[in-house]
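> sequence first, then the predicted structure:
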Amino acid sequence: MATAGLNIYHLARLQAVSPDWPGGFWWHWLFFTVVIIGFVLTMVMGVIYIERRGMGRMQSRLGPNRTGPFGLLQPVADAVKVLLKENIVPAAADKLVHWLAPVIAFAPALMLFAVIPFENGALLADLNIGILYVIAISSVSTVGIFMAGWGSSNKYSLLGAMRNVAAIVSYEIPMVLAIVGVVLIAGSLSLNDIVVAQNVPFILLQPLGFLLFFAAGCAEINRSPFDLMEADSELVAGFHTEYSGMKFAMFYLVEYAEAVAISAIIATLFLGGWKGPILPPWLWFVVKIILVFFAMVWTRTTLPRIRIDQLMAFAWKFLFPMSLLNMFITALQVLAGWPTELVWVMIIVNIAVMAILVLVWSRFFFRLGGGRVEI
Amino acid sequence: MLTNYGYIGLFVIAAVLFTLFMVLIPIALRFLKIVPHNPNPIKNSTFECGMETIGKTWVQFNFHYYFYALIFLALDVLVVFLYPWAVNLRALGSASFVAVLILVSIILVGYVYAWKKKALEWK
C-alpha cells in the first residue's frame, strides 16, 4: 500500500516537472487533490476518535467503545447517522446565507493543506509565500461562521458568531508575530524550505514562539479553553444552534479539519515536519500532527473555559507584547549568527528567556483571572 | 511560479465542489425518501429556551470591539512590513534592525496609549 502510493507519487512528481508532457500538470494536481481530501477526512475521523477516547480516559469514563473494536467505527457510525437526519431550516432564517455558510467555512479548511509538505517536495503547490498564504486563508473560515450565525436568525447564534469575530481579530496578531521568529531563523516563507532548514527542531530554538503560536492557534480555531463562541452553558451551541443533519456535520468537520490544519502547521514550523529517523517521512508527519493534537486535547481537559474579557485581555496584554519581544530577541540572535554557529547556546538562552519573560510579565504586568465584570 | 498558483486556483474549485457535493447528498437522498422531510411550524421556529423570540434578531448590538478593530488595523499593516524584513534579515544587516525598531516603536506609542486609556478592557 505504502510503496504503491510512493510510486504513484514519484510518477506524479516526475510528470509534473517534465516539460515535454503537458499532462504532467494535471496528474500532479489530481493526485494531490485526491490525497489532500482523503487525508483530511481520514485524519478528522482519527482525531475525533482520539479526542473522545482520550477525553473519556482523562475524565475517568470510558468514551465510545461499542461500535467496532475499541469503538473505532464510532466516527463512521456518526457520519451515517448525520447523513440520514432531517434537514431543519428555521422559518425566519436567511435561507441562502444559512445554506451557503457550511460551504464557505469548509473550503478554506481544505485549502490550508495545499501548501503543507507531506514529504520533501511532496505538496500540491510549493508557494514561495507559503506561510503568508496559510495566514490569509485561515481567517476566511470566520466569514462562513459569521454567515451561519447571521443567517440562522437566532440570538444565541449571532452572539456566538460576533464573539468568534472578536477572538479572530485579537489572536491574529500574536499568531502572525510568533511565526516571524521562525521566518527569521529559516530565512524563507516556503513551508518546505522551513522544514529543510530545521536541523534542530525550531521548538528548541523558539520555545516562547511555540507557546505563543500554540495558544493563539487554539484560540483561532476556537478550541477549549478559548471556545467562547460555542460556550454550551451560555449560548446553547453557539453559531450552529440552528443547524442539523449534513450541514451540522460540515461545521463539525470544519472544527476538526482546522484543528488538524493547525496541528500540521505547528508540526511543520516547530517540530521539523516530515523529518525524522527510520520511519518514512509522511508517517513522521502524521505522528507529529497527532502529538500536537493530543496536546490540544490535554489543554482542553485541564483548563476551564475563560471569560470573554479575559479572552480579549490575554491576547492584547500578554500574547502581543510577548510575541514582539520574542521577535526582537530572535532578530538579534540571527544578526549575531547564533542559529548557525552557537546552536546549543541559543537553545539554553532562549529557554531561559522564555521562563523569565513569562514569569515576569505574568507577575508584574498582566495577570489572567480574578476581578469581576460588570455587564 | 505561476504554475503553483494554477494548482491553488484549481484546488479552490475542487474544494468548493467537494463541499457542495457533501451538502447536496442529503437533498438527493430526500427525493429517494431515505432522509425524512416533515416540516411543521413548531419545528421550524427559532430555538430559544422554549419561549417565542421577542423582537427581531438582526438588531444592532453594542459591541465593544471597535477599539480592537482599530488597533488591529494599525498592527496588521505593521506586520505586513515585518515579513519582507524577516525573510531578508541576514542580507539587510543591523541597519534594517534599527529601522524596524523605530517603526515598531512608533506603533507601540499608540498601543501603550490605548492600554492606558483602557481601550483594551472589555466592558
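Sure thing, it's come through. In this text, all values refer to a predicted model and were calculated from it rather than measured experimentally.
> pLDDT below threshold where in chain B?
For chain B, the stretches with pLDDT under 70 are B:50, B:61-63, B:65, B:122-123.
> what about the helices in it?
Here chain B has its helices, by DSSP state H, at B:2-31, B:66-87, B:89-92, B:94-116.
> need those helices in a markdown table (columns: distance to residue A:184 and mean neighbour count).
For the C-beta atoms, the positions are set from N, CA and C on the backbone; glycine is no exception. Below are those laid out as a markdown table (distance: least, CB to CB, whole Å; neighbours: other CB atoms under 10 Å in any protein chain shown):
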| stretch | distance to residue A:184 | mean neighbour count |
| --- | --- | --- |
| helix B:2-31 | 24 | 15 |
| helix B:66-87 | 5 | 16 |
| helix B:89-92 | 6 | 15 |
| helix B:94-116 | 11 | 13 |
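> I'd like these laid out as TSV, including distance to chain A.
TSV is the format used below for the helices of chain B (distance: least, CB to the nearest CB, whole Å):
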stretch	distance to chain A
helix B:2-31	4
helix B:66-87	4
helix B:89-92	6
helix B:94-116	5
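> okay, the ones you listed in JSON lines with distance to residue A:358 next?
Compiled in JSON lines, the helices of chain B are given as follows (distance: least, CB to CB, whole Å):
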{"stretch": "helix B:2-31", "distance to residue A:358": "38"}
{"stretch": "helix B:66-87", "distance to residue A:358": "21"}
{"stretch": "helix B:89-92", "distance to residue A:358": "25"}
{"stretch": "helix B:94-116", "distance to residue A:358": "19"}
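> from chain B, how far out is the nearest residue to residue A:160 once chain neighbours are set aside?
In space, and not counting its chain neighbours, residue A:160 is closest to residue A:238: 3.2 Å by CB to CB, 6 or more residues apart in numbering or on different chains. Residue A:238 sits 12 Å away from chain B, going by CB to the nearest CB, to the nearest Å.
> and what of residue A:163?
9 Å.
> what's the burial count for that residue?
Using other CB atoms under 10 Å in any protein chain shown, residue A:163 is surrounded by 26 other residues.
> quick one, what contacts it?
Residues near residue A:163 by CB atoms under 8 Å, 6 or more residues apart in numbering or on different chains: A:228, A:229, A:238, A:308.
> out of the residues you listed, which one has the lowest pLDDT?
pLDDT is lowest at residue A:229 among those; the value there is 70.
> that one touches residue A:145, doesn't it?
Yes - under the criterion of CB atoms under 8 Å, residue A:229 makes contact with residue A:145 at 7.5 Å.
> need the residues touching each of those two.
Here residue A:229 and residue A:145 have A:161, A:164, A:239 as joint contacts, going by CB under 8 Å, 6+ apart.
> hmm, the last one is touching residue A:164, no?
Yes - Residue A:239 sits in contact with residue A:164 when judged by CB under 8 Å, with a separation of 6.7 Å.
> comparing these two, which residue is more hemmed in?
Set residue A:239 next to residue A:164 and count neighbours by other CB under 10 Å: residue A:239 wins out with 32 against 23.
> okay, that one: pLDDT?
At residue A:239, pLDDT is 81.
> same question for residue A:286.
With respect to pLDDT, residue A:286 scores 91.
> check the one 3 residues further on too.
The model reports residue A:289 with a pLDDT of 92.
> quick check: which element contains it?
Here residue A:289 sits within helix A:281-302, counting by DSSP states H and E.
> circling back: restricted to strands, list the shared contacts of residue A:229 and residue A:145.
In strands, judged by DSSP state E, none of these are found.
> got the CA coordinates for stretch B:73-90 in PDB?
Listed next in PDB are the C-alpha coordinates belonging to stretch B:73-90 (Å, rounded to 0.1, in the frame of the first residue of the first chain):
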ATOM      1  CA  LEU B  73      -5.800  47.600  11.600                       C
ATOM      2  CA  ALA B  74      -2.700  49.500  12.600                       C
ATOM      3  CA  LEU B  75      -0.900  46.400  13.800                       C
ATOM      4  CA  ASP B  76      -1.800  44.300  10.800                       C
ATOM      5  CA  VAL B  77      -0.200  46.900   8.500                       C
ATOM      6  CA  LEU B  78       2.900  46.800  10.700                       C
ATOM      7  CA  VAL B  79       3.100  43.000  10.400                       C
ATOM      8  CA  VAL B  80       2.900  43.200   6.600                       C
ATOM      9  CA  PHE B  81       6.000  45.400   6.700                       C
ATOM     10  CA  LEU B  82       7.700  42.900   9.100                       C
ATOM     11  CA  TYR B  83       7.500  39.900   6.800                       C
ATOM     12  CA  PRO B  84       9.800  41.000   3.900                       C
ATOM     13  CA  TRP B  85      12.300  42.200   6.500                       C
ATOM     14  CA  ALA B  86      12.200  38.900   8.400                       C
ATOM     15  CA  VAL B  87      12.900  36.900   5.300                       C
ATOM     16  CA  ASN B  88      15.900  39.000   4.300                       C
ATOM     17  CA  LEU B  89      17.400  40.000   7.700                       C
ATOM     18  CA  ARG B  90      20.800  38.300   7.100                       C
END
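> gap between it and the chain center?
Counting by CA atoms, centre = their mean, to the nearest Å, stretch B:73-90 is centred 20 Å from the centre of its parent chain.
> hmm, who's touching that stretch?
Residues contacting stretch B:73-90 (CB under 8 Å, 6+ apart): A:132, A:172-173, A:176-177, A:180, A:183-184, A:187-189, A:320, A:327, A:331, A:334-335, B:92, B:96-97, B:100, B:103-104, B:107, B:110-111.
> rewinding a little: can the following helix or strand past the helix holding residue A:289 be found next to chain B?
Counting by DSSP H and E, the element after helix A:281-302 in chain order, helix or strand, is helix A:308-313. Yes - Helix A:308-313 comes into contact with chain B (CB under 8 Å from any CB of the partner chain), by way of A:308, A:309, A:312, A:313.
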